[in-house]
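Colleague: Mind looking at a prediction? Sequence and model below.
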Amino acid sequence: MNMPIKPAGQAVFKDRYTTKVAELLKPWEKGDRGAAAILGVPLSKPSISHSGASFAPGAIRNALNGFTTYRIESGQDLTSPLIDFGDVVMHPTSIMESHERITTAVRHVLTQEAAPFKILLGGDHSITTSAVKAFCEEKGTVGIIQFDAHHDLRNTEDGGPTNGTPFRRLLQEGIIKGENLIQIGIRNYSNAKAYHDYALDQGVTVHTMKDVRERGPAELVRQGIEMLKGRVNVIYLSVDMDVLDQSYAPGCPAISPGGMNPDELLDGLREALKHPGVTAMDIVEIDPTLDFRDMTSRIAALLVVETAAVLNP
């Protein structure tokens, strides 16, 4: 009789016919190729409010254990590996040093060409500035489609490079142009008038939740890609999970009512992934310490799974 003991954490039931998406995660080795490349960016020190978003990369990876590889609606069974580059090591006290490390790490992922699509697991939204900077350095002009309740265009004088300033910093530093930033899901009572005015002055396209309800997220994404495709080299998706209504995303530090439901967010994502110029996505603003039964991390994990499915039909 075989000894009924396994290493700690591995004494779990295994169905011989079932593969979980987490089993597709493969630690990166030079020369690896897969459906998507994943990089964890566990930074939350720049958050305006208390945040444990630094725990989110691990929580999202763990949530992948809740999904099988079989997509019943299309008959797909996912087999391509998800190349996991691990997590960026953050500086314990310096936010600027951490941001520089993110740029260096993302640049490394891009030069390895392990997968055509890159997924960054944040972390708070401040990571986006550093990531987009790396894409601009390696790939050229970047356009951004941002799913978010907030503009994230706060001034930097009051608090420095916080999670409320990533797109302000990208614009002020000349890394992107306002005309190449498209915001979807901006919510009532979640922003100051000054930042809406700033967005419009900079040429940013702003779609509110009213637009989402009246036209649908897929149509807004389709229009955005038509605007961007002729003037940028790559399109980057930035998904702030607080774009979702608080009933679906209790693990977001800045929850509020009136947001998207998960199907709407997935519709927008699927539409974006139809275009070959869309080559990266970050998922940010999940605090697993606030979450209920990992609801928010599970939705983030579903975005990862659906991305792998759409890119590998």
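Modeller: Right, received. Where do you want to start? Given the structure is predicted, the values throughout are model-derived calculations rather than measurements.
Colleague: can you pull out the strands in the stretch 1-150 of the chain?
Modeller: Along the stretch 1-150 of the chain, the segments classed as strands by DSSP state E, counting those that start in this stretch run 25-27, 36-41, 70-71, 76-77, 82-87, 118-122, 142-147.
Colleague: what about the residue lying closest to residue 306 once chain neighbours are set aside, which SS state?
Modeller: Using Cβ to Cβ, 6 or more residues apart in numbering and skipping the chain neighbours, the partner closest in space to residue 306 is residue 266 (6.0 Å). (C-beta placed from N, C-alpha, C; glycine too.) Here residue 266 is recorded as helix under DSSP: H, G, I helix; E, B strand; the rest coil.
Colleague: Can you give me the pLDDT of residue 266?
Modeller: Per-residue pLDDT puts residue 266 at 98.
Colleague: for it, what are its contacts?
Modeller: 302, 303, 306 (Cβ atoms under 8 Å, 6 or more residues apart in numbering).
Colleague: Export those residues as TSV, with columns for neighbour count, secondary structure and distance to residue 14.
Modeller: Shown next, in TSV, are the contacts of residue 266 (neighbours: other Cβ atoms under 10 Å; DSSP: H, G, I helix; E, B strand; the rest coil; distance: Cβ to Cβ, whole Å):
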residue	neighbour count	secondary structure	distance to residue 14
302	20	helix	22
303	21	helix	26
306	17	helix	25
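Colleague: Residue 151: which of those residues is nearest?
Modeller: Distance to residue 151 across these (Cβ to Cβ) is lowest for residue 303, with 21.7 Å.
Colleague: thought that closest one was touching residue 241?
Modeller: No - look at residue 303 against residue 241 with Cβ atoms under 8 Å: they stay out of range, at 9.1 Å.
Colleague: Common neighbours of those two, please.
Modeller: residue 283.
Colleague: Wait, residue 292 touches residue 250, no?
Modeller: Yes - the pair residue 292 / residue 250 is scored as a contact, 4.7 Å apart, by Cβ under 8 Å.
Colleague: quick one on the thing from earlier: now the residue nearest to residue 306: how far from residue 174?
Modeller: Here residue 266 is placed at a distance of 34 Å from residue 174 (Cβ to Cβ, to the nearest Å).
Colleague: Repeat that for residue 241.
Modeller: 28 Å.
Colleague: and those two? which has more neighbours close in?
Modeller: Higher neighbour count among residue 241 and residue 174: residue 241, with 31 against 8, using other Cβ atoms under 10 Å.
Colleague: need the contact list for residue 202.
Modeller: Neighbours of residue 202 in contact, by Cβ under 8 Å, 6+ apart: 171, 178, 181.
Colleague: got a list of what the first one touches?
Modeller: Taking Cβ under 8 Å, 6+ apart as the definition of contact, the neighbours of residue 171 are 153, 177, 178, 181, 202.
Colleague: Look up the pLDDT of residue 1 for me, please.
Modeller: Per the predicted model, pLDDT is 65 at residue 1.
Colleague: so where's the stretch 151-300 of the chain uncertain?
Modeller: The stretch 151-300 of the chain contains no residues with pLDDT under 70.
Colleague: Which parts of it are strands?
Modeller: Applying DSSP E, counting those that start in this stretch to the stretch 151-300 of the chain gives strands spanning 181-186, 205-208, 234-240, 278-284.
Colleague: which residues are contacting the last one?
Modeller: The set of residues that contact strand 278-284 without belonging to it, under Cβ under 8 Å, 6+ apart, is 41, 53, 56, 60, 116-125, 127-128, 131, 135, 139, 145, 163, 225, 234-241, 269, 272, 300, 303-304, 307.
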